[in-house]
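> okay, here's the prediction I keep looking at, along with the sequence it came from:
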Amino acid sequence: MAAAAGAAVYRVVALLFLLYGGATFSAAATWCVTRSDASDQALQTALDYACGAGADCAPIQPSGLCFLPNTVQAHASYAFNSYYQRKGNAPDSCSFGGTSTIAKTDPSYGSCVYPSSPSTAGGAVQSGGTPGGTTTAPGTIVSSPPPPGTMGPLFSGGGAGTGPEIPDAPTPSGSQILLPMIYLLIFVIIIQTMLI
């Protein structure tokens, strides 16, 4: 009887790992990029927010690998994607007031590589940098990001505007909730097997 229960538990655990693993590995990478119909003013406002709220904007600085082309649209795409990846690809972290969209095609070009997952988006404080991995020149004053709706320009030119509504902590996605539940189920099954 105990051997049959153990075999059943083994099959259930194996099935759960296969189902979860297959769902994880079959998911295609996504990127958050600017919408082609977004105005430069709206993009600049959203870019300012993204860079102040945790995106790694060092690559779009003049010495960065993604500085060229030096356009608001190109810089905003990189910053939006950095923010989106650092927030775990949560769909609501790619809103930026309607100036962005989720893409399934890698927007990387030349030596400018867009992160394609939270693990490649960085996030550590670099030497001489600020939290979020944004490096600064010596003597540069870095302030905390303003709350949405009260933003001023952080990056370049432009006047104060209303920022995009972006939550500080996105709600967990289905996969972020599913994994702990699977682990809990496995734990319960193992404990039950030991008690039999």
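Sure thing, it's come through. Bear in mind the structure is a predicted one, so any value in this text is a computation, not a measurement.

> neighbours of residue 114, how many?
With neighbours defined by other Cβ atoms under 10 Å, the count for residue 114 comes to 24. Where C-beta positions appear, they are placed from N, C-alpha and C, glycine not excepted.

> which helix or strand contains it?
Using DSSP states H and E, residue 114 maps to neither a helix nor a strand.

> which parts of this structure are helices?
With DSSP state H as the criterion, the chain has helices at 2-26, 40-52, 72-86, 174-195.

> which of those comes out lowest on mean pLDDT?
Lowest mean pLDDT within these: helix 2-26, a mean of 54.

> so residue 77 sits right up against residue 33, yeah?
Yes - counting by Cβ atoms under 8 Å, residue 33 is a contact partner of residue 77 at 4.4 Å.

> any residues in contact with both of these two?
The contact sets of residue 77 and residue 33 overlap at residue 107 (Cβ atoms under 8 Å, 6 or more residues apart in numbering).

> where's residue 95 relative to residue 56, distance?
Computed as Cβ to Cβ, to the nearest Å, the residue 95 to residue 56 distance reads 19 Å.

> looking at these two, which is more packed in?
Ranked by neighbour count (other Cβ under 10 Å), residue 95 and residue 56 place residue 56 first, with 27 against 18.

> OK, contacts around the residue lying closest to residue 85 once chain neighbours are set aside?
Take residue 85 and drop its neighbours on the chain: the residue closest to it by Cβ to Cβ, 6 or more residues apart in numbering is residue 121, 3.5 Å away. By Cβ under 8 Å, 6+ apart, residue 121 lies in contact with 56, 82, 85, 86, 115.

> need the residues you listed in CSV (columns: distance to residue 40).
CSV is the format used below for the contacts of residue 121 (distance: Cβ to Cβ, whole Å):
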residue, distance to residue 40
56, 22
82, 20
85, 24
86, 24
115, 24
